[in-house]
Every structure is written in C-alpha cells, then in structure tokens.
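Novice: I would like to see how this sequence folds:
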Amino acid sequence: MSDVYVDRQQLERDEIWWRDRQQFLQSKGYMLRPRFRPGWVPSWLTSGKHPYKSEDGILLPMASHTIDATRMSDGKMVYLKRVKAKNREASIACSLYSEPLRRDPMNHSVPVLDTFADPVVPGDSFMVMPFLREPDDPPFERVGEVVDFVDQVLQGLVFMHEQGIAHRDCSLDNIMMDASEMFPDGFHPIFQDNGLDGFSRLRSRPRSFVSVKYYFIDYGISSVFSPGQPHLVTGLDGRDRDVPELSSTTPYDPFAVDVFLIGNMFRKTLFGKYSNLQFLEFLVLRATHPTPSQRPESHELLKLWISERDRLSHLHKCWRLRERTEFTLTTIIWDCASLVGYIYSYLTFLLT
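Specialist: Numbering: from 1, shown residues only. The predicted model follows:
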C-alpha cells in the first residue's frame, strides 16, 4: 500500500515541466504555487498536517498545457496556457483582444493579458488570461441572472461574427465567467468551492448584486473569413452533436451553426431546466430551426432577444429560477423562502 506522505512529495511529470519553467515565469511577472517552485519542501513535514489537508499537497490537474499563477504586480490570479507556433486559437484570441477591439463593449472574447515565447522549446509560447470559472458554478439562482447571461452571450456572438469569425464550438463548455466580484477574497484554482488555501470556507456574494462578465474561449476549430469570402466549411468537430447540417463532405455555413449552438445551449441548460424562462422559447425555436437558412443571423437573433427581454418586469427578473421537476407545494415553499432570502441578501450586501 502506498504511503501518501511519500507519494505527495513526488512531482508528476507535468508538474516537473512547470517547475522547470518557474523561474522563467517569475522573471515575466508570474508566480506559481509553492509546489511548483524549485527547492520546494512539503509543508506537512513541519506543520503536522496531512498532505490531503495541505495546499501544496494539491496535485496539478491532468491538463499538462495549462496552469494557474499569480500576477506579481497586483496579486491577480491568472491562467497560463502553453501553445504551439502559429496556433489558431492563440492567433484568433489575440486578434480579438487587440486595440481597439478590446474596448468594444460587445466584445466578449477572453482577454489575452500577455504573450511570450518559451525559452526552451522553439516555436512554443505562453498565453496569459484571467482565471475564469464555469458560468453555472455556482448555479444561476434568479431570472435576472439568466437575462444578463443571454445578453452578454448574444452580444459576444454578434461581435465575433462582425469580425468574420465563426466559433463553431460555442457550447456552454466554451463560455466562462469572471467571477472576481462574486468572490472578493478569491478562491482556490483547483478546489474552487474553497478559499485560497484550498480548505477554508469561501466567502461569496450573490451574482445578482455584482458585475459578472462572460467570455467565449477556445477558438481551436474556429474559422476566419475575409469580407466577401464565401462562408462555407466542412467538418464534424465540436461538442454539440445535435447540429443537423454537420458534414465532412457537404459544405455548410458555420455562422448558422453558431446560431444553432447558442440556441441549443439556451434550450438545454436554461429553458429546458427552469419553468419560468418562457420568454426564451421563441428565441430557442428560431435559433434551432432544422433548416439553416431559416435561422436568423446573430444580429437578428440579438434584436429578437431585446424585444423579448424588454417585456420583462423588474419583479420577474428578481424571482428565483423554478426547476421544471418541482411539485406545486415545493414551489410555493421555495418561492416564499427565496423572497425572504433575497431581501436578506440584498441588505447584507449593502452593509458589506
């Protein structure tokens, strides 16, 4: 039987790779966690804590090309990603965050804060991005939070398409959020339900009362078109297998695919889950029409959404999300509890 006290002292192969880059990354202004620094001595050897209860006993996840770090200039947690030369994702992400595009309020492409070459492997480089969370972690709680999410996603889709970029994989997995205002004390990059030490209680603020921004990520299979160039591609790549026109032989319009993907994401994760999001139904039906030519373009979809959104009352947007599986009695009880909780949370937020 293995001894965890010994096993956790041994760095995995991917961890060694990052440890060997630590001093270089530090020279660029980014500090890795203690486990990934040269000369690291496990804290549990002197603290008496179990490795499973020590921050430097937390292993790096399996994704060998990414790691979290702290930007030394301001203490902000960032995300480092190793990419190959002429990488499509890096090229598109950098172009969308270039001047003056980064100042456009419609731009919801992940910010690229820094880039620099790997000193060891020719052609490899690093991208530095904000450390983001999945958009439904923690889960959406109120109708207004969903409204804000749909607003930003559709704005970002229109912006991308205006730049001639079709994402082609814009599922929920490729949308992230900057939740820094929700977690003012920060959170651990691996154990994200805990504080920075990986184990303490996480202090949070309700999503409804703070500013949250959502971003598109991962342009690995995206396509870029020049003005006037035909918008046709082939290929079966992408997470969502529901798109009816995907084909490896028959060309299709990737911009229409993006509209379907966004509509299908709204259907599966929002409209299909919660009963009081009826205002999304028309949007979902139009976006997921089985005939691509019958779907609205992204800017038309945004206009349809704004028309629906502007009919919603402030009270409706303040209400909690009701899961479709709830029984009537459960709904009444939870609605009452939610109203009290909303008032309490709002007053607490004002006082902190």
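
Novice: apart from its chain neighbours, what residue comes closest to D237?
Specialist: Among residues not flanking D237 along the chain, I221 sits closest, at 4.6 Å (CB to CB, 6 or more residues apart in numbering). In this view, the C-beta of every residue, glycine as well, is placed from N, C-alpha and C.

Novice: burial measure for that neighbour, as a count.
Specialist: 16 (other CB atoms under 10 Å).

Novice: relative to Y97, how far out is it?
Specialist: Distance, I221 to Y97, by CB to CB, to the nearest Å: 19 Å.

Novice: same check, this time on M129
Specialist: To Y97, M129 is 9 Å away according to CB to CB.

Novice: quick one: common contacting residues for these two?
Specialist: With contacts taken as CB atoms under 8 Å, 6 or more residues apart in numbering, M129 and Y97 have 110-112 as neighbours in common.

Novice: top of those residues by neighbour count?
Specialist: For the shared contacts of M129 and Y97, the largest number of neighbours (other CB under 10 Å) sits with V110, at 23 neighbours.

Novice: residues contacting it?
Specialist: 93, 97, 129-130, 132, 176, 215-217.

Novice: which residues in the stretch 51-200 of the chain form helices?
Specialist: Counting by DSSP state H, counting those that start in this stretch, the stretch 51-200 of the chain has helices at residues 88-96, 143-162.

Novice: and those helices, which one's lowest on average pLDDT?
Specialist: For those, mean pLDDT drops lowest on helix 88-96, to a mean of 93.

Novice: quick check: longest strand of this protein.
Specialist: strand 76-83 (DSSP state E).

Novice: helices of the stretch 201-350 of the chain, start to end?
Specialist: Under the criterion DSSP H, counting those that start in this stretch, the stretch 201-350 of the chain contains helices at 254-266, 281-287, 298-309, 314-318, 328-351.

Novice: show me what contacts the closest residue to Y214 other than its chain neighbours?
Specialist: Among residues not flanking Y214 along the chain, Q152 sits closest, at 4.5 Å (CB to CB, 6+ apart). Applying CB under 8 Å, 6+ apart to Q152 gives the contacts 108, 213-214.

Novice: next one: E12
Specialist: E12 touches 59-60, counting by CB under 8 Å, 6+ apart.

Novice: next one, pLDDT for it please.
Specialist: 92.

Novice: okay, it and Q23: tell me how far apart.
Specialist: As judged by CB to CB, E12 and Q23 stand 19 Å apart.

Novice: ok, now H231?
Specialist: 47 Å.

Novice: so between these two, which is more surrounded?
Specialist: For H231 versus Q23, the count of surrounding residues by other CB under 10 Å is larger for H231: 15 against 11.

Novice: quick one, what contacts the residue lying closest to the more buried one once chain neighbours are set aside?
Specialist: With CB to CB, 6+ apart as the criterion, H231 has its nearest non-adjacent residue at 5.2 Å, and that residue is D253. By CB under 8 Å, 6+ apart, D253 lies in contact with 231-232, 245, 292.

Novice: can we see that at 7 Å?
Specialist: Counting by CB atoms under 7 Å, 6 or more residues apart in numbering, D253 makes contact with 231-232, 292.
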